[in-house]
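Colleague: predicted coordinates and the sequence they were generated for:
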Amino acid sequence: MSDYIFTREKLYERTMDFSVRVIRMVRNMPRGVAEDVVAKQLTKSATSIGANYREASHAKSPNDFAAKLKICESEAAETLYWLQLVVNTGMMQENKIHALTTEAKELVAIFTAATKRAYSNRK
């Protein structure tokens, strides 16, 4: 049980750190109609990862837990999309957000694996 708590606490910290880093990045984005829409969507999806993970920790059932983890996976994938869009539209250079893109990819992989495990464990 202590390994689970350690892992859970580390993922709490990791998702919080990711949210903070994305918010700081968004503050440095250029402003304009399109940029503001992308900034808002990016902020919403990035901060939703950690919020939903915390909700999953208080799930009412194994099915609820698995469903909330699936939301984390989806939000991480959406965040990766918005980060790629920021680069592809020239809003920011890739080298300035490379670490965030890498972290988003890792979060997608973590939550994809966790979701699969949660769904298989509920049977």
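Modeller: In hand now; what should we look at? Numbering: from 1, shown residues only.
Colleague: buried set for the helix or strand of the chain with the lowest mean pLDDT?
Modeller: Ranked by mean pLDDT, DSSP states H and E, the weakest helix or strand in the chain is helix 2-27, scoring a mean of 87. Going by neighbour count (16 or more other CB atoms under 10 Å), the buried part of helix 2-27 is 11, 14-16, 18-19, 22, 25-26. Backbone N, C-alpha and C define where each C-beta goes, glycine included.
Colleague: one more: stretch 63-83?
Modeller: 65-80, 82-83.
Colleague: Ala34: which of the buried residues of helix 2-27 is nearest?
Modeller: Nearest to Ala34 among the buried residues of helix 2-27 is Val26, at 13.7 Å by CB to CB.
Colleague: so that closest one makes contact with Gln41?
Modeller: No. The pair Val26 / Gln41 is not scored as a contact, 10.1 Å apart, by CB atoms under 8 Å.
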